[in-house]
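Participant: give me a model of this one.
(one chain, ligands or ions: 1)
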Amino acid sequence: MSTTTPEETTETPEATIAAARERIDALDDRIIGLVQERMAVSAVVQQTRIASGGRRVSLNREMEILARYRDALGRPGTALAMTLLELCRGRI
Ligand SMILES: O=C(O)C(=O)C[C@]1(C(=O)O)C=C[C@@H](O)C=C1
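Facilitator: Prediction:
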């Protein structure tokens, strides 16, 4: 990651924005890949629990996950965790 600021370079604002957007796009690609990986791992947990007589959903575990995201990211973190959980186990 570059640590130079626009003031330290002769880059135009347009070039700085374009370069930063490329990094954002690359980060978003990685985030989407991680979400898809999370969905696959979550499916293994859910299928294993169902196959052994349990329920698809574990509310205690979801409370832990919500708290973790809230502690790290504040209130929007809770919303993000809820969206991730919906992607991973569907709507409840
Ligand atoms: O950890 C589990 O027990 C899971 O089933 C995974 C997971 C998740 O995606 O994080 C999905 C559904 C459950 O309600 C809780 C958590």
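Participant: which residues touch the residue lying closest to G77 once chain neighbours are set aside?
Facilitator: Nearest residue to G77 in three dimensions, chain neighbours excluded: Y69, at 3.8 Å (CB to CB, 6 or more residues apart in numbering). C-beta: built from backbone N, CA, C; applies to glycine. Y69 makes contact with G77, T78, L80, A81, L84, according to CB atoms under 8 Å, 6 or more residues apart in numbering.
Participant: okay, I92 and E22: tell me how far apart.
Facilitator: According to CB to CB, to the nearest Å, I92 stands 38 Å off from E22.
Participant: apologies, that question was intended for C88.
Facilitator: 29 Å.
Participant: looking at those two, which one has more neighbours?
Facilitator: Neighbours were counted for C88 and for E22 using other CB atoms under 10 Å; C88 has more, 18 against 10.
Participant: which element is the residue nearest to G77 on?
Facilitator: Per DSSP states H and E: Y69 is located in helix 59-73.
Participant: could you see whether the ligand lies near that helix?
Facilitator: Yes - Helix 59-73 is in contact with the ligand by CB under 6 Å from any ligand atom, via R61, E62, I65.
Participant: between helix 59-73 and the next helix or strand after that helix, find me the angle.
Facilitator: Following the chain from helix 59-73 toward its C-terminal end, the next helix or strand by DSSP H and E is helix 75-89. Put simply, helix 75-89 runs at 140 degrees to helix 59-73, going by axes from the mean of the first three to the mean of the last three CA atoms, to 10 degrees.
Participant: run the chain-centre distance for helix 75-89.
Facilitator: Chain-centre distance of helix 75-89: 8 Å, with CA atoms, centre = their mean, to the nearest Å.
Participant: same question, stretch 81-91
Facilitator: In terms of CA atoms, centre = their mean, the centre of stretch 81-91 is set 11 Å apart from its chain centre.
Participant: and stretch 10-28, by the same measure?
Facilitator: Averaged C-alpha coordinates place stretch 10-28 at 22 Å from its chain's average position (CA atoms, centre = their mean).
Participant: flag every buried residue along the longest helix along the chain.
Facilitator: The single longest helix within the chain, with elements called by DSSP state H, is helix 13-51. Applying a neighbour-count criterion of 16 or more other CB atoms under 10 Å, one finds Q46 buried in helix 13-51.
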